[in-house]
Every structure is written in C-alpha cells, then in structure tokens.
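K.L.:
Sequence and predicted structure are below.
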Amino acid sequence: MPDLLFEVNNTIATISLNRPEALNAFSGEMLDLWIDSLEKVRDSDEISVLIVQGAGRGFCSGGDIKEMIAGNGFYKSDQDIVSKGINRKNSLWKKVQRIPLLLEEIDKPVIAKVHGVAFGAGLDMALMCDIRFASESARLSESYIKVGIVPGDGGAYFLPRLVGRDMALHMLWTGEVLTAEAAKERGLVTFVVPDEELDQVVADYAKGLANGPQLATQLIKRAVYQNSEMSLRSSLDYISSKMALVMEEEDHKEGVRAVMEKRKPNFGKNKTAIK
C-alpha cells in the first residue's frame, strides 16, 4: 500500500496518511503523493471539499524519529537529504514546505480530522487546514524542542496566528502535550467530538459544505485569508467586487427563492469555481 491514499467521492476528496506502523510519520513517498494530491484538489472543478486524516492510531507524528536516530534526516527517503546543508534545506523546501504553499493556493474548504497523536509537524499540518475536528482522546504537541530542532514546516508562521505570540513561544519552547479540550480552549482545534462520532461528524460537515454554493464558499475563504493582509479600505473594495460576482450566479437566485418559499436551497446547478 502507498504511504498516502487519495480518493474522491461525491466531490469530497480525502487524503489519508498511510503509515500507521509509524504513526503516519513523514516519508519521501508520502510527501510526493501529498503534493500531487493537493495539486489535484486545487485544479479540479469536480472537488468541493478536502478532508485530511491519518490511518491507524493517530493523525500524524511529523518527522520520522527512527530516521533521525539513524542519521538519515527528517524522513525516510531514497534520496540524499542529509550529506550537505543544502540537501537538508531542500528536504524541507522542495518537499515538506510545498504542502503549506499549495494549501495557500486552494480556495476550497480543507478539514483536518485529528485523532490519536498530532505531534510536531503532524500538528502543524492540521494547523494549515481551515477547520480542525479532534476526537476527545486526541493529544497535540509542538514537540520539536524534544529533539532539539525548530518547526521547519511553517509552524512558527501558523501557530502564533492561532494562539498569539506568547503562547506560541511557550508551546514551542516546552513541547507541552495538550488534550483536545485544552487545544480547543487555546484556539488550535475548532471542534472536539466523542471518538466514536468523529468520522460521521466530519463526513456530515464536509457534505454540508459540498452541497453549498461553491463560488460563494471559495470567495469567503479567500476573503478571510487575504483580508488579514489588507487595510480596511482595500478589504471593502475587494469584497464589494466579489459581491458583484456572486450576485450573478444561479446559486444566489436559488438561495433567494428558497428563502421566499421556506425550503432548503438546491445549490450546484452552476458549478462556477475560482480560476
């Protein structure tokens, strides 16, 4: 079986990290397949939502500790990723760091489904997603400090934007392990659900998004992310332009009719997506 599985059902794509024997620690194969899968999600008009999950007992443990102990770098690879500094840098820049850069290009909703452990880069991969569901028994940690390294995947970028600079430093300096509820209180996790309900709750949430007005959904995501870098004037100018676009869509007309007729809207007749 490959180290990552990708499937699409009814416009909902799923990435499943598939190294359960290693708590889904990274491998070169996994990263290559992850990059390829994200490119498909970005480019396909037949995909509305992406779920990222882990097989087996956990979500993702990040770098492969066994490979680090053996002196082979951050993850299992058939390439030379350790002999020179540039090789070690490129093992991040050309592999691991391609993931957040690609996610930034995806306007479709991306959901992390976290169970078991999400440690180090595994946690950061969840933080890169738009919404994070965690099972009650999940445990989360920015564990880099435990092995004397820094968050090379983008954790130092994403974490303070969610929890604030001081709490981000605390978590990165101590490697504190959080329960799902504690993570939710800090803003790392969006929703915490009972373990046995996690699959169904996430499936239902993704289905709801997939059945919504796709252009409006994607423009909302783009606006929320881009507005954090804009002035108020630029933000209002930007969103007024997007409002002009969505009001031309059949989904808008269907939504208005549904409100007037007191029924659920039937979106999706016009599958316009952002290009």
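P.N.:
Happy to help now that I have it.
K.L.:
Break down the stretch 1-150 of the chain into its helices, ranges please.
P.N.:
Taking DSSP state H, counting those that start in this stretch, the helices of the stretch 1-150 of the chain run over residues 28-43, 65-69, 85-91, 98-104, 121-127.
K.L.:
Out of these, which gets nearest to residue 207?
P.N.:
Across the helices of the stretch 1-150 of the chain, residue 207 has its closest neighbour in helix 28-43 (16.8 Å, Cβ to Cβ). (Glycine included, C-beta is placed from N, CA and C.)
K.L.:
and the nearest residue to residue 7 once chain neighbours are set aside, how far is that from residue 52?
P.N.:
Spatial nearest neighbour of residue 7, chain neighbours left out: residue 14 (5.4 Å); criterion: Cβ to Cβ, 6 or more residues apart in numbering. Distance, residue 14 to residue 52, using Cβ to Cβ, to the nearest Å: 8 Å.
K.L.:
same thing with residue 32?
P.N.:
On the measure of Cβ to Cβ, residue 32 and residue 52 end up 16 Å apart.
K.L.:
More neighbours: which of the two?
P.N.:
Comparing residue 32 with residue 52 by other Cβ atoms under 10 Å, the one with more neighbours is residue 52, at 26 against 16.
K.L.:
Just list the residues touching the more buried one, thanks.
P.N.:
14-15, 17, 110-113, 125-126, 129 (Cβ atoms under 8 Å, 6 or more residues apart in numbering).
K.L.:
hmm, 6 Å instead?
P.N.:
Residue 52 makes contact with 15, 112 under the criterion Cβ atoms under 6 Å, 6 or more residues apart in numbering.
K.L.:
Let me know the pLDDT of residue 69.
P.N.:
The model reports residue 69 with a pLDDT of 88.
K.L.:
what's around residue 79, how many residues?
P.N.:
Residues lying near residue 79 (other Cβ under 10 Å) number 12.
K.L.:
Backbone dihedrals for it, please?
P.N.:
Dihedral pair for residue 79: phi -110, psi 160, per degrees, to the nearest 10.
K.L.:
Which residue is the nearest non-sequential neighbour of it?
P.N.:
Excluding the flanking residues, the one nearest residue 79 by Cβ to Cβ, 6+ apart is residue 28, at 6.5 Å.
K.L.:
Now do the phi/psi pair for the most centrally placed residue in the chain.
P.N.:
Taking Cα atoms, centre = their mean, the centroid of the chain lies closest to residue 129, which sits 2.4 Å from it. Residue 129 adopts backbone torsions of phi -80, psi 170, taken as degrees, to the nearest 10.
K.L.:
Can you tell me who the nearest residue to it once chain neighbours are set aside pairs with across the strands?
P.N.:
Excluding the flanking residues, the one nearest residue 129 by Cβ to Cβ, 6+ apart is residue 112, at 3.9 Å. Using DSSP bridges, the beta-bridge partners of residue 112 come out as residue 52, residue 132.
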